[in-house]
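Peer 1: Build me a model from this:
(2 chains)
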Protein chains: 2
Amino acid sequence: MKTAIVTIGDEILIGQIVDTNSSWMAQKMTLAGFEIEEKVAIGDDAQQIKNTIDDVFQRVDVILMTGGLGPTKDDITKKTLCDYFGTSLVFDDTVLENINNVITNITSLNELTRNQAYVPMDCTVIQNKVGTAPITWFDYKDKVLVSLPGVPYEMKYVMECEIIPRLKAKYETVSYVNKVLIVGGYTESALAIHLTDFENDLPEGFGLAYLPSLGLMKLRLFVKGEHRRPELDAQVKKLEDLLGEAILAEKDISIEKILGEHLFEKGLTLATAESCTGGNIAHLITSVAGSSRYFKGSIVSYANEVKVNMLNVSQQSLDQFGAVSETIVIEMAKGVQKALNVDCAIAVSGIAGPDGGTDEKPVGTVWICTMYKNKCLSRKYQLGKYRESNIMRATNIGMLQLLEIL
Amino acid sequence: MKTAIVTIGDEILIGQIVDTNSSWMAQKMTLAGFEIEEKVAIGDDAQQIKNTIDDVFQRVDVILMTGGLGPTKDDITKKTLCDYFGTSLVFDDTVLENINNVITNITSLNELTRNQAYVPMDCTVIQNKVGTAPITWFDYKDKVLVSLPGVPYEMKYVMECEIIPRLKAKYETVSYVNKVLIVGGYTESALAIHLTDFENDLPEGFGLAYLPSLGLMKLRLFVKGEHRRPELDAQVKKLEDLLGEAILAEKDISIEKILGEHLFEKGLTLATAESCTGGNIAHLITSVAGSSRYFKGSIVSYANEVKVNMLNVSQQSLDQFGAVSETIVIEMAKGVQKALNVDCAIAVSGIAGPDGGTDEKPVGTVWICTMYKNKCLSRKYQLGKYRESNIMRATNIGMLQLLEIL
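Peer 2: Numbers count the residues shown, from 1 in each chain, chains lettered A, B, ... in the order given. Model prediction:
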């Protein structure tokens, strides 16, 4: 069974918003054992929607379609699907009842929201327990098309609780077995050279994918069919021998989760002192549920006076070495370790850009100090020209550098 | 001239990474006056790549293709394009020279990286000044296919400096004229009802799109052709009369930029005291270049002891009211305002979930206090069940609530 994800919406098409839905859906579908053949994004245009369904149905069995189900005029998916499947809209009282349940605590029912209860006659209607747009499931010849809302949390809820279980009941799944390794300390090409023989010796059907991510490499080893798991395990063993301590984790988790698990297992606490990363390390660490068990907080010392007043950085050091210097990041790390009374600290000071660079310290110069009790590691990095990626890379490297001394 | 963006890569297809490239490209192309017809993502599969080019070229004139240009085995785009266009790879010394320039400060040249200098014979090679994978431009019949690296900052650099200028030189552009308004205080359906007559009265060819974003609405009014700008301006004037102060900005900028501009214009400084948002407000505010002119820093007080020690929150209030309470956010706001010596403060304390909720304070309960000098506004919000969206919504609402009292 092959699946396509079709995203409807001018805002996605013209890039006004980033499409995070289709990635999430693809990931969940893949884990559930379904094969994603392609992802397509098109505009709010009835003819284009119909043409795309025709075209994509030539290659896949199931289309998961998101978007265009809002209450406003630019949302045309429901009506277009009626045209395509030759049916018409009818008012559905159970949908209205669901809408009334959903909006109870937020706002009162208005006419546009009430219109969400009109649904195509010839389809299976699935209630949206977290939003007002109902989900519609069309069985058409031997194919299936499901129309889902584009609001991320509504789509997620419905996919997990309704759509994936129903697809599993209808289709057999043959899943890939996968192993993801997070590897530190290699560039993509250096890692590939190190693994040349390993890759050439892989058994038939195996694949190895390299996914570079600011400062880290993700390796994904995969093969089709649960019965090949013992072979997969044997290959993973070979990778472990080849890569040793460079393997930071043996599952597809973020660096903030890897760090969090280390800290939690060892019963350690962490705080950060952030200048150029502006709170992003704290943000990522606290994006992990349960992070309060090891994370105490952060002093985001964007202004120098905050470094002095809150982190006890010396004004003399600032005058002598400048804020982006080894002395200052060490003082910042020690300062936050003491002020927040924690075992571990990450301190970052750098020039994210686009302004603020000098000949001596160009944009992208970042000092990072990590502390684990009395152990202290400070290092200078020369990152790139782009503010956004400098912030993200400094964030990842800061967490990696703490892992290094743990 | 119609364009499609085709993304190559199993990792995008199976959702292991979010495709931010295609949104960025679509946005830049749209602003440059080109029309994006569709976006397609497919796997690292030679046959599928060739079929997709055939298929998509039936509908568009230009294909912008990203991904699959890395140095490792799973990167097959270059070879596949050679097959498709009936050409072969040749070694290009100028590409090697560029590679040597790029890698100078990072790592030494290895064999896989050197192989990046093999390029298809019958194409225009464009040097990648920030990475090792060259860009290839194929003129084919009356169509164009450009193959770009998938590494975001490489792709961005090349699109802005090379591809868009070359496309502009080759094709005429008819751009949409657009106006984006950021509107606060309305749900999507309430706003649509308020604007029903306005929408019905829009002149021929005009469109109005609603884009809800956690706590805010973006309205995009658009029409094709620069000559219709006076009409667009007249319609915007009508919207201004209808929406008044609910309009937070008249351009497509983020709430953190809106807030930053307000603060900068008024010469005010800001600090945040964050519990459940974990530094995300500080992160977003400092993601704006130049934010050091108004943002001094943040105390991320994830642990209660940090609230007491760094923000001078009283232990007695914590015991009596709990950390998620009006008393505590007010104390946090006043505490950070004093400690960091700023004009304005945003303080947030809440239960992001999934754990930590009680009957009295379920997951999603968030208290936010904003201060502008002596003016203080505190308010309770009941958000949803999802940690990620609770953090994002509390972040946006915090910034909005400060704008409200400025």
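
Peer 1: The helix or strand bottoming out on mean pLDDT in chain A pairs with which strands, and in what direction?
Peer 2: Ranking every helix and strand in chain A by mean pLDDT, DSSP states H and E puts strand A:207-213 at the bottom, with a mean of 81. Strand A:207-213 has its sheet partners listed here by DSSP bridges as strand A:216-224 (antiparallel).

Peer 1: Could you check how far the residue in chain A sticking out farthest from the centre is from chain B?
Peer 2: The outermost residue of chain A relative to its centre, with distances by C-alpha atoms, centre = their mean, is A:Gln316 at 42.2 Å. Going from A:Gln316 to chain B by C-beta to the nearest C-beta, to the nearest Å gives 21 Å. For the C-beta atoms, the positions are set from N, CA and C on the backbone; glycine is no exception.

Peer 1: and if you look at A:Gly350?
Peer 2: 12 Å.

Peer 1: Can you name the helix or strand that the residue farthest from the centre of chain A falls in?
Peer 2: Using DSSP states H and E, A:Gln316 falls within helix A:315-321.

Peer 1: and stretch A:166-173, what's its mean pLDDT?
Peer 2: Averaged over stretch A:166-173, pLDDT sits at 93.

Peer 1: oh sorry, the question was meant for stretch A:62-81
Peer 2: The average pLDDT for stretch A:62-81 rounds to 91.

Peer 1: Next: stretch A:230-249.
Peer 2: Stretch A:230-249 carries an average pLDDT of 95.

Peer 1: and it, does that touch chain B?
Peer 2: No. Contact of stretch A:230-249 with chain B (C-beta under 8 Å from any C-beta of the partner chain) is absent, the minimum separation being 14.4 Å.

Peer 1: Return the distance of stretch A:302-314 from the chain's centre.
Peer 2: 33 Å (C-alpha atoms, centre = their mean, to the nearest Å).

Peer 1: For that stretch, give me every contacting residue.
Peer 2: Identification of contacts with stretch A:302-314 by C-beta atoms under 8 Å, 6 or more residues apart in numbering or on different chains yields A:273, A:275, A:278, A:299-301, A:315, A:318, A:323, A:328, A:331-332, A:335-336, A:338-339, B:271, B:282, B:286, B:291-292, B:295-299, B:310, B:339-341.

Peer 1: contacting residues around A:Ser317?
Peer 2: A:325, A:327-328, A:331.

Peer 1: In helices, which of the residues you listed fall?
Peer 2: Using DSSP state H, the members of those that fall in helices are A:327-328, A:331.

Peer 1: Just the buried residues of the helix holding A:Gln316, please?
Peer 2: A:317-318 (16 or more other C-beta atoms under 10 Å in any protein chain shown).

Peer 1: And that helix, how far out from the chain middle?
Peer 2: Worked out by C-alpha atoms, centre = their mean, helix A:315-321 lies 40 Å from the chain centre.

Peer 1: pLDDT on that helix, on average?
Peer 2: 97.

Peer 1: For that helix, list the C-alpha coordinates in PDB.
Peer 2: Below are the C-alpha coordinates for helix A:315-321, written out as PDB (Å, rounded to 0.1, in the frame of the first residue of the first chain):
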ATOM      1  CA  GLN A 315      33.800  44.500  34.900                       C
ATOM      2  CA  GLN A 316      37.600  44.500  34.600                       C
ATOM      3  CA  SER A 317      37.600  41.300  32.600                       C
ATOM      4  CA  LEU A 318      34.900  42.700  30.300                       C
ATOM      5  CA  ASP A 319      37.000  45.800  29.700                       C
ATOM      6  CA  GLN A 320      40.200  43.900  29.200                       C
ATOM      7  CA  PHE A 321      39.000  40.900  27.100                       C
END
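
Peer 1: Now do the helix or strand that contains A:Leu145: everything it contacts.
Peer 2: Applying DSSP H and E as the criterion places A:Leu145 in strand A:143-148. Strand A:143-148 has contacts (C-beta under 8 Å, 6+ apart) with A:53, A:57, A:60-66, A:69, A:77-78, A:81, A:135-138, A:154-155, A:158-159, A:163, A:167, A:170.

Peer 1: before we move on, what about stretch A:44-52?
Peer 2: A:6, A:8-10, A:40, A:42, A:68, A:74-77, A:79-81, A:83-84, B:38, B:209.

Peer 1: one more time with 6 Å
Peer 2: Residues outside stretch A:44-52 that contact it (C-beta atoms under 6 Å, 6 or more residues apart in numbering or on different chains): A:10, A:42, A:68, A:74, A:76, A:80, A:84.

Peer 1: hey, C-alpha coordinates of that stretch in CSV?
Peer 2: Listed next in CSV are the C-alpha coordinates belonging to stretch A:44-52 (Å, rounded to 0.1, in the frame of the first residue of the first chain):
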residue,chain,number,x,y,z
ASP,A,44,-6.4,26.7,-2.8
ASP,A,45,-7.5,26.1,-6.4
ALA,A,46,-10.4,23.7,-7.2
GLN,A,47,-9.1,22.6,-10.6
GLN,A,48,-5.6,22.0,-9.3
ILE,A,49,-6.9,19.9,-6.4
LYS,A,50,-8.9,17.7,-8.7
ASN,A,51,-6.0,17.3,-11.2
THR,A,52,-3.7,16.4,-8.4
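
Peer 1: pLDDT on that stretch, on average?
Peer 2: 96.

Peer 1: Next, the angle helix B:304-311 makes with the one helix or strand A:Met310 maps to.
Peer 2: Here A:Met310 is covered by helix A:304-311, with elements defined by DSSP H and E. Computed by axes from the mean of the first three to the mean of the last three C-alpha atoms, to 10 degrees, the angle separating helix A:304-311 from helix B:304-311 equals 130 degrees.
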